[in-house]
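task: produce atomic coordinates for the following.
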Amino acid sequence: MMLSNRSRLAIAGLLLVAAPAFAVEYVQAPGSTLIFASNYQGEVFTGKFGSFNTTLDFDPAKLAASKLDVTIQLAGAQTGNNDRDDTLKTSDFFDVAKFAQARYTATKFRALGGNQYAADGTLTLRGVAKPVTLTFTWTPGPQPVLNGKATVKRLDFGVGSGDWADTETIPNEVAVSTKVILKPVK
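Predicted coordinates for the structure are as follows:
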């Protein structure tokens with residue numbers, strides 16, 4: 001059966017519309033950081049997670065196909081204060097014996113203008129899953145960089161229970177920032 005040129009163009013157009021729009025796949029490269037900041041009785045402190053793993057499918061022109069997955073090893077949290085680091089591992093905070101890792105996943109991305117984006121995702125921490133938005137700057141290149149910030153309400157996840165639940169001692173909101181250096185998956 002012979003198809004007319006018009007039929008061929010219609011079929012080709014349908015195939016293009018039906019073709020999935022894939023984002024570029026990336027994995028985390030060395031030099032990436034994941035930092036948190038809060039205060040204890042008015043004294044500001046920062047900490048970092050020494051071990052986390054990021055995978056990202058991202059293309060600013062194909063936000064609907066983008067996705068982010070970050071796994072964080074909680075036992076590696078370090079604040080520069082051994083007593084505080086040990087306390088973070090207990091059942092009052094991260095409870096690393098029961099919940100070794102946290103996970104952030106996002107499949108909804110929004111352009112905020114310029115190289116600014118938002119990833120609306122879910123943070124799972126201590127077995128509790130809650131929505132968290134990560135706003136970030138995207139710097140393209142051979143090793144693109146995602147510089148992001150989020151605010152996590154620790155009490156929503158049961159982090160800092162008992163006497164530690166007092167927001168006069170430790171605020172509910174914890175600032176999280178990340179610099180993820182990425183490399184394309186080959």
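
shaky segments in this structure?
1-22 (pLDDT under 70).

90 instead?
1-23, 41-43, 161-163, 186 (pLDDT under 90).

so where do the strands sit in it?
Taking DSSP state E as the test, the strands found in the chain are 24-28, 33-40, 43-49, 52-58, 67-73, 77-78, 101-113, 116-125, 128-139, 145-153, 173-184.

and residue 93, which of those is closest to it?
Taking CB to CB as the criterion, residue 93 comes closest to strand 77-78 out of the strands of the chain, the separation being 8.8 Å. No exception for glycine: its C-beta is placed from N, CA and C like everyone else's.

picking up where we left off before, tell me which of the strands of the chain sits nearest to residue 88.
Between those, strand 77-78 lies closest to residue 88; by CB to CB that is 5.0 Å.

show me what that closest one is packed up against.
strand 43-49, helix 82-88 (3 or more CB pairs under 8 Å, 6 or more residues apart in numbering; DSSP states H and E).

right, so of those, which gets closest to residue 151?
strand 43-49 (14.8 Å).

mind checking how far the closest one is from the chain centre?
18 Å (CA atoms, centre = their mean, to the nearest Å).

what pairs with it, parallel or antiparallel?
Paired neighbours of strand 43-49 in the sheet (DSSP bridges): strand 33-40 (antiparallel), strand 77-78 (antiparallel).

give me the contact list for the first one.
For strand 33-40, the surrounding residues in contact (CB atoms under 8 Å, 6 or more residues apart in numbering) are 44-49, 52, 70, 72, 77, 84, 152, 154, 169-171, 174-179.

can I have the buried ones of these as a PyMOL selection?
To isolate the buried members of the contacts of strand 33-40 in PyMOL, using 16 or more other CB atoms under 10 Å:
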select buried, resi 47+48+49+52+70+72+77+152+154+170+174+176+177+178+179
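
sorry, back to before: between the strands of the chain, which gets nearest to residue 164?
strand 33-40 (9.5 Å).

tell me what angle the closest one forms with strand 173-184.
Relative orientation of strand 33-40 with respect to strand 173-184: 170 degrees, computed using axes from the mean of the first three to the mean of the last three CA atoms, to 10 degrees.

quick one: residues contacting residue 172.
Contacts of residue 172 (CB under 8 Å, 6+ apart): 153, 154, 155.

quick one: the second one and residue 174 touch, right?
Yes - at 5.3 Å, residue 154 counts as touching residue 174 under the criterion of CB atoms under 8 Å.

got the helices and strands packed on strand 77-78 as JSON lines, with distance to residue 62 columns?
Below are these laid out as JSON lines (distance: least, CB to CB, whole Å):
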{"stretch": "strand 43-49", "distance to residue 62": "29"}
{"stretch": "helix 82-88", "distance to residue 62": "38"}
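
I'd like to know which of these is closest to residue 162.
Per CB to CB, nearest to residue 162 of these: helix 82-88, 11.4 Å.
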